[in-house]
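**Student:** sequence and predicted structure, then a few things I'm wondering about:
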Amino acid sequence: MRTPGTAVIIGAGIGGLAMANLLAKTGWRVSVYEKLGAAGGRMGEFTAKGFTFDTGPSWYLMPEVFAHYFSLMGEDVNNYVTLDRLNPAYKVFFDYHAPITVTGDLIKDRRTFSALEPGAGDNLARYVQTAEHNYHASMEHFLYNPFTRLHTLANKRVLAQLPVLSGQLLTPLHKHVARYVHSQPLQQILEYPMVFLGASPYNAPALYHLMSFLDFKQGVYYPRGGMYRVVEALQNIGQKHGVKYHFNAPVTKIIVQNGHTTGIEVDGQTVTADLVVSGADLKFTETKLLSPAAQTYSESYWQKRVAGPSALLMYLGVKGNLPQLNHHNLFFVKEWQQNFADIFETKKWPKNASMYVCKPSATDPQVAPKNHENVFVLVPLPASLSEPEKIGTLADRYLQQLEEMAGIPDLRVRIVYKSYRTPRDFAELFNSWNGTALGMAHLLKQSAFWRPGARSKKVKNLLYVGGGVQPGIGVPMCLISAEVAYKHLTDDHSAGPLAALEPPKGDWHV
């Protein structure tokens, strides 16, 4: 195909919005069809009783990925979001140990680690140094790589690092962390990022210790006004380039003829297109929107794969101040390994749960009424649609645990607003596989080139974006997934970020 044609995007999540913009800027006529009433997908926003809640992602990490994407669109990210670097980065509560604060300043955090375990500060510095090395290597060779050419992995720099990389791929993160620190609180601090990658530190590869570079050196940020400002920015840029958005428009079918898609069906109507890009849940796309003959990943494929965790999300409006909590807070129980076994193996809702609590009103007063706090609670749960008890009962149990661990005995009686999101909600709202909140877990066999790619193997002009495909879970990864999909269209096999957004010199590879 020599000139850009018409493209339809299924889903207005981060991956879908990002891909729509790349296509529109290079001349495609783009329409986005979204099941819900607004853009963002899991990264939504709602207001209630004067509180403004982000519904999903709340950590703004890897700021250079955002800056790079916006630069491809000819934009400066700073014109759309105002970032505050959080200091401290987060606070960690334990049910068996005094709280620990991670500042994001490596010098200070080394002192904190040393005070808890002799030599741990120096070991933290070495750990973060190797994490930084792996992070930059991943950015250069893996995250933006469509894995369509062997030479991108067989170059001298990658081959020179192969002995170390292979060792980290084959070693569980928990075992790797134990080589640096021995006390359980410090191990938990270095292992918790696996939750946000949808995996367990007991089976995720040690290569993912690169996430600690973000915590301890690069920094944790907050976009003033909330994470939804990123969604608004992407949509505003799309509108500049003529992207058309259709909300409350669930796609029911991808039409395939002779190995090509000719468009989609929405509300019984046919929408024709030269290119279809799905940012919807990959399992839903493959097994519900495509006929069996057109499926790259059939039902049997998913039976052999591991979903990342789901979650109970609680959106709380609380009267009065909560000085005990920082912006980001992590709550860890001593039964750490049992928690992960409950989520990934026995599929039980944990009795005592490790959880994450965000209080954005610590940084941003506009997200809550005066003399109130905005609190978001995430309790990781198994990816399963079974709910053993009433949600209110379970939520109360976890809130009581939060009260006890944080030293806020009257938290529950001060709640003036609350609502929940459960695994069933993830399935119903986002068509997510087994109600997972994140997508496919980042195990070795589900990462990098083992993870589903951006192009359908059965339908030539069908592409995928989002957390279910390469490079993986997280808002930055979803932005990168759009760039990876774009490379497939332009026959670009490079491993790193694009220097500029350019159409192919010849035909579009639809």
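**Tutor:** Now that the structure is in, tell me what you want to look at. Nothing here was measured: the structure is a model prediction, and the numbers come from that model.
**Student:** can you confirm residue 286 is in a helix?
**Tutor:** Yes - per DSSP: H, G, I helix; E, B strand; the rest coil, residue 286 lies within a helix segment.
**Student:** ok, it touching residue 298?
**Tutor:** Yes - with contact defined as CB atoms under 8 Å, residue 286 counts as touching residue 298 (7.1 Å). In short, each C-beta sits where N, CA and C put it, glycine included.
**Student:** so who does residue 278 touch?
**Tutor:** 9, 10, 11, 254, 285, 289, 462, 463, 464, 465 (CB atoms under 8 Å, 6 or more residues apart in numbering).
**Student:** tabulate the residues you listed in JSON lines, adding columns for pLDDT.
**Tutor:** Converted to JSON lines, the contacts of residue 278 look like this (pLDDT from 0 to 100):
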{"residue": "9", "pLDDT": "98"}
{"residue": "10", "pLDDT": "98"}
{"residue": "11", "pLDDT": "98"}
{"residue": "254", "pLDDT": "98"}
{"residue": "285", "pLDDT": "98"}
{"residue": "289", "pLDDT": "98"}
{"residue": "462", "pLDDT": "98"}
{"residue": "463", "pLDDT": "98"}
{"residue": "464", "pLDDT": "98"}
{"residue": "465", "pLDDT": "98"}
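**Student:** which one of those residues has the most neighbours?
**Tutor:** The most crowded member of the contacts of residue 278, judged by other CB atoms under 10 Å, is residue 9 (37 neighbours).
**Student:** beta partners of the residue nearest to residue 291 when sequence neighbours are not counted?
**Tutor:** Distance criterion CB to CB, 6 or more residues apart in numbering; nearest residue to residue 291, sequence neighbours excluded, is residue 256 at 6.5 Å. According to DSSP bridges, the partner residues bridging residue 256 are residue 261.
**Student:** surely residue 102 meets residue 189?
**Tutor:** Yes - counting by CB under 8 Å, residue 189 is a contact partner of residue 102 at 6.6 Å.
**Student:** overlap in contacts, those two.
**Tutor:** Contact criterion CB under 8 Å, 6+ apart; residues shared by residue 102 and residue 189: residue 92.
**Student:** which of the two has more neighbours?
**Tutor:** Neighbour count, other CB under 10 Å: between residue 102 and residue 189, residue 189 has more, with 26 against 21.
**Student:** what about the more buried one, which helix or strand?
**Tutor:** Residue 189 belongs to helix 184-191 when assigned by DSSP states H and E.
**Student:** hmm, who's touching that helix?
**Tutor:** Helix 184-191 is contacted from outside by 92, 94, 96-97, 100, 102, 113, 116-117, 120, 124, 127, 173-174, 177-178, 180-181, 201, 209, 212, 330, 332, 334, 336, using CB under 8 Å, 6+ apart.
**Student:** quick one: residue 229 and residue 76, what's the gap?
**Tutor:** 14 Å (CB to CB, to the nearest Å).
**Student:** oh, that last question was meant for residue 343, not what I typed.
**Tutor:** 40 Å.
**Student:** have a look at those two and say which one is more surrounded.
**Tutor:** Each of residue 343 and residue 76 has its neighbours counted (other CB under 10 Å); residue 343 has more, 27 against 10.
**Student:** which residues are in contact with that one?
**Tutor:** Contacts of residue 343 (CB under 8 Å, 6+ apart): 200, 309, 350, 380, 381, 382.
**Student:** now for the residue nearest to the last one when sequence neighbours are not counted: which residues touch it?
**Tutor:** The one in question is residue 382. For residue 382, ignoring the flanking residues on the chain, the nearest one in space by CB to CB, 6+ apart is residue 347 at 4.1 Å. For residue 347, the contact set (CB under 8 Å, 6+ apart) comprises 382, 384, 386.
**Student:** the stretch 1-150 of the chain: strands as residue ranges?
**Tutor:** Per DSSP state E, counting those that start in this stretch, the stretch 1-150 of the chain carries strands over the ranges 6-10, 29-33, 45-48, 51-54, 83-85, 90-94, 100-102.
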